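J.: Need coordinates for the below:
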Amino acid sequence: MALVATLASGCTELGDQILGRTPTPSAGTDLMPEGLEELATFYEQRLDWVACGAGECAELTVPLNYAEPDGETIEISLLKVPASGPRNRIGSIVVNPGGPGGSGVDYAAAADFIVGPDVRRRYDVVGFDPRGVGRSAPIDCVPDAELDDFLGTDPTPDDAAEEQQFADVTAGFAKACAANAGPLLAHVSTVDAAKDMDILRAALGEEKLTYLGKSYGTYLGTVYAEQFTDRVGRFVLDGAVPPDLTSQEVGIGQAEGFDRATKAWAQDCIDSGSCPLGDTVDEVVTGMGDLMRRFDAEPVPVRGDSRVTSMSEGWAALGVAVAMYDQGMWSMLTDALGDVVERDDATALMALANRYADRTSSGSYTGNIMEAIFAVNCLDRAESDNLDDFRAAQAEADRRAPLWGRFISWSSLTCGFWEPDVVGGGARTIAAAGSAPIVVIGTTRDPATPYEWSERLADQLESGVLVSFDGDGHTAYMRSNSCVDKAIDAFYLSGTVPEDGLRC
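T.: Modelled structure (predicted):
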């Protein structure tokens, strides 16, 4: 699902740079939803905040398995960046950057850039690494070298033999996860993460949750609203993932979104005056397809990487895709493709692919997003292991998204071989009837979460309010538009709900 670039955190180990402790007042039973008395120990826990480089760090204790609250527990890593104007503090805003697998700790460390300055003054910004992610009992399926091979696998099988080879690779990855990730693998669904988020709300001393979720974080927020409707506070879901999407619908929708974004980049490439792939949008898009087929036929040399010495089509797709998330990277992509076309050098494109995968040129991964994304998605949505289903999906994707359809249509096959089976509720409509207003933001040329998805989620939520941004890139708030920023800031600061249908 949708990935977002997260900024490096200033909070490392809890023992680093200890400057003091700020305890959170004990959460009272009035902060615990009715009917959850068996979880009282968790809802009433006290957080001991330890000062660290970016703010204050703590750990939240939650059950490994909510069906067995007296059993094993895990620790959820937290980072709080206190309100910069504490005398006028409103409360805490919990943030999630997406993924699934993005680090909320790293995201909160960039508090000055992810919420407006007035919101920053009046709210503590709190991020958490969801269970199985980052610092919170991270899922680890395979060694880094094997993950390199998995990500470099040909994503566009051209015949029955390549299809079977792709199936064997994805099945092997799923089997490795089942063997190596331990019992947590069955308990990293979005439903589980939403339950953790409500315990966090209580531990922060908040009667209602104020929340900013982007990309997959919108799905997490929607599932939270389904389970804890009366605890929904000021909710903003930016770059929506509707919960009723099947995995095939996700794939086709994203393929269409990336095709749309690629055309927007192509025009920018032409406007730069030095586009290496053509002089018209159609020529550039065709040239991109031809270039990807070149990577498929013969990998292009990469310099300076400890393990990846030549770029395969799998790595190339990641390098191009990451630039579609943010128009600020479009010139980097244009230059990187110029290096490939003119000098047969994929080094710069590999640097972009590394950015997508949270990987360094030394071959180490700074996060586990490329493993956690499967661990969560495969529990949330059922998938087939019948290759005929994927051939049909590719035919439909090719029709609707000629460039990106073939890259995305096979990407969920791993989940067809996943163990355990779906436990996260599956694809379903969520209305969250009776909740406070929930603001949904959609960007018209968003590659990873197409605008139509935001319309769809806002319609499904009984209290959904749609804000539309006519623009490029992934998500909108605090990225490039003052109209969006002002509307969302006012919602957080005073509870003023944006006009439903506001267009920016």
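J.: quick one, domains of the protein?
T.: Domain ranges of the chain: 21-137+190-244+428-503, 141-180+255-362+384-417, per automatic domain parsing.
J.: winner for burial among those domains?
T.: Mean neighbours per residue, mean count of other CB atoms under 10 Å, is largest over the domains of the chain for domain 21-137+190-244+428-503, with a mean of 21. The C-beta positions use only the backbone N, C-alpha and C, and glycine is treated the same way.
J.: Tell me the gap between that one and the middle of its chain.
T.: Averaged C-alpha coordinates place domain 21-137+190-244+428-503 at 13 Å from its chain's average position (CA atoms, centre = their mean, to the nearest Å).
J.: Can you find the helix or strand in the protein with the smallest mean pLDDT?
T.: strand 21-23 (a mean of 40; mean pLDDT, DSSP states H and E).
J.: Residue nearest the middle of this protein, spatially speaking?
T.: Per CA atoms, centre = their mean, the C-alpha nearest to the average position across the chain is that of residue 99, at 1.8 Å.
J.: how near is that residue to residue 364?
T.: Remark: distance between residue 99 and residue 364 (CB to CB, to the nearest Å) = 19 Å.
J.: try residue 92
T.: For residue 92 relative to residue 364 (CB to CB), the value is 33 Å.
J.: Over to residue 469?
T.: Distance from residue 469 to residue 364, by CB to CB: 36 Å.
J.: again with residue 297
T.: Distance of residue 297 to residue 364, given as CB to CB: 30 Å.
J.: And for residue 292?
T.: In terms of CB to CB, residue 292 sits 27 Å off from residue 364.
J.: Which stretches in the stretch 151-300 of the chain count as helices?
T.: 160-180, 190-203, 216-227, 247-271, 281-297 (DSSP state H, counting those that start in this stretch).
J.: will you turn those into TSV that also has distance to residue 121 and mean pLDDT?
T.: Converted to TSV, these look like this (distance: least, CB to CB, whole Å; pLDDT from 0 to 100):
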stretch	distance to residue 121	mean pLDDT
helix 160-180	43	96
helix 190-203	22	98
helix 216-227	23	98
helix 247-271	34	95
helix 281-297	44	96
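J.: Which one, of those helices, ends up nearest to residue 141?
T.: Nearest of the helices of the stretch 151-300 of the chain to residue 141, taken as CB to CB: helix 160-180 at 3.9 Å.
J.: now that closest one, how far from the chain's geometric center?
T.: Distance of helix 160-180 from the chain centroid (CA atoms, centre = their mean) equals 23 Å.
J.: for stretch 334-350, same thing?
T.: On CA atoms, centre = their mean, the centre of stretch 334-350 falls 27 Å from the chain's centre.
J.: what's the first-to-last distance across that stretch?
T.: Stretch 334-350 has an end-to-end distance of 13 Å (CA to CA, to the nearest Å).
J.: do the same with stretch 97-108
T.: This stretch, stretch 97-108, spans 9 Å end to end (CA to CA).
J.: got it, and stretch 198-217?
T.: 15 Å.
J.: Quick check: bridge partners of residue 77?
T.: Beta bridges link residue 77 to residue 59, judged by DSSP bridges.
J.: My error: substitute residue 467 in the last question.
T.: On the basis of DSSP bridges, residue 467 is bridged to residue 441, residue 502.
J.: tell me the contacts of it?
T.: Going by CB atoms under 8 Å, 6 or more residues apart in numbering, residue 467 touches 439-442, 476, 484, 487-488, 498, 502, 504.
J.: now swap in residue 473 and tell me
T.: 325-328, 443, 445-447, 479-480.
J.: Can you give me the distance of it to residue 264?
T.: For residue 473, the distance to residue 264 - CB to CB - is 9 Å.
J.: Also residue 232?
T.: To residue 264, residue 232 is 34 Å away according to CB to CB.
J.: do the same with residue 453
T.: 18 Å.
J.: Repeat that for residue 432.
T.: 33 Å.
J.: What pLDDT does the model give residue 394?
T.: At residue 394, the model reports a pLDDT of 92.
J.: Mind checking what secondary structure it has?
T.: helix (DSSP: H, G, I helix; E, B strand; the rest coil).
J.: For it, which non-adjacent residue is spatially closest?
T.: Among residues not flanking residue 394 along the chain, residue 409 sits closest, at 4.1 Å (CB to CB, 6 or more residues apart in numbering).
J.: so residue 491 touches residue 236, yeah?
T.: Yes. Between residue 491 and residue 236 there is a contact under CB atoms under 8 Å: 6.9 Å.
J.: Now residue 360, what are its backbone angles?
T.: Per-residue torsions, residue 360: phi -100, psi 160 (degrees, to the nearest 10).
J.: Would you confirm that it contacts residue 351?
T.: No. With contact defined as CB under 8 Å, residue 360 and residue 351 do not form a contacting pair (10.0 Å).
J.: okay, how far is it across stretch 80-92, tip to tip?
T.: 9 Å.
J.: pLDDT on that stretch, on average?
T.: 93.
J.: for stretch 489-498, same thing?
T.: Regarding stretch 489-498, the rounded mean pLDDT is 98.
J.: Also stretch 321-341?
T.: 96.
J.: Show me how far that stretch is from its chain's centre.
T.: Centre to centre, stretch against its chain (CA atoms, centre = their mean), the figure for stretch 321-341 is 20 Å.
J.: got a list of contacts for that stretch?
T.: Under CB under 8 Å, 6+ apart, the answer for stretch 321-341 is 3-5, 258, 261-262, 264-265, 268-269, 272, 274-277, 288, 291, 300, 319-320, 345-349, 351-353, 355-356, 447-448, 472-474, 479-480.
J.: swap the cut-off to 6 Å and go again
T.: The contact list for stretch 321-341 (CB atoms under 6 Å, 6 or more residues apart in numbering) reads 258, 261, 265, 268-269, 272, 276, 300, 345-346, 348-349, 352, 355-356, 447, 472-474.
J.: now swap in stretch 60-75 and tell me
T.: Outside stretch 60-75, the residues that touch it by CB under 6 Å, 6+ apart are 38-39, 42, 45, 59, 76, 78, 137, 187, 195-196, 199-200, 203.
J.: now those as JSON lines including distance to residue 124?
T.: Output for the contacts of stretch 60-75, formatted as JSON lines (distance: CB to CB, whole Å):
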{"residue": "38", "distance to residue 124": "29"}
{"residue": "39", "distance to residue 124": "24"}
{"residue": "42", "distance to residue 124": "21"}
{"residue": "45", "distance to residue 124": "18"}
{"residue": "59", "distance to residue 124": "17"}
{"residue": "76", "distance to residue 124": "17"}
{"residue": "78", "distance to residue 124": "11"}
{"residue": "137", "distance to residue 124": "24"}
{"residue": "187", "distance to residue 124": "28"}
{"residue": "195", "distance to residue 124": "22"}
{"residue": "196", "distance to residue 124": "18"}
{"residue": "199", "distance to residue 124": "17"}
{"residue": "200", "distance to residue 124": "12"}
{"residue": "203", "distance to residue 124": "13"}
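J.: List just the nearest of those residues to residue 112.
T.: residue 78 (18.5 Å).
J.: What are the neighbouring residues in contact with that closest one?
T.: By CB under 6 Å, 6+ apart, the residues touching residue 78 are 58, 60, 128.
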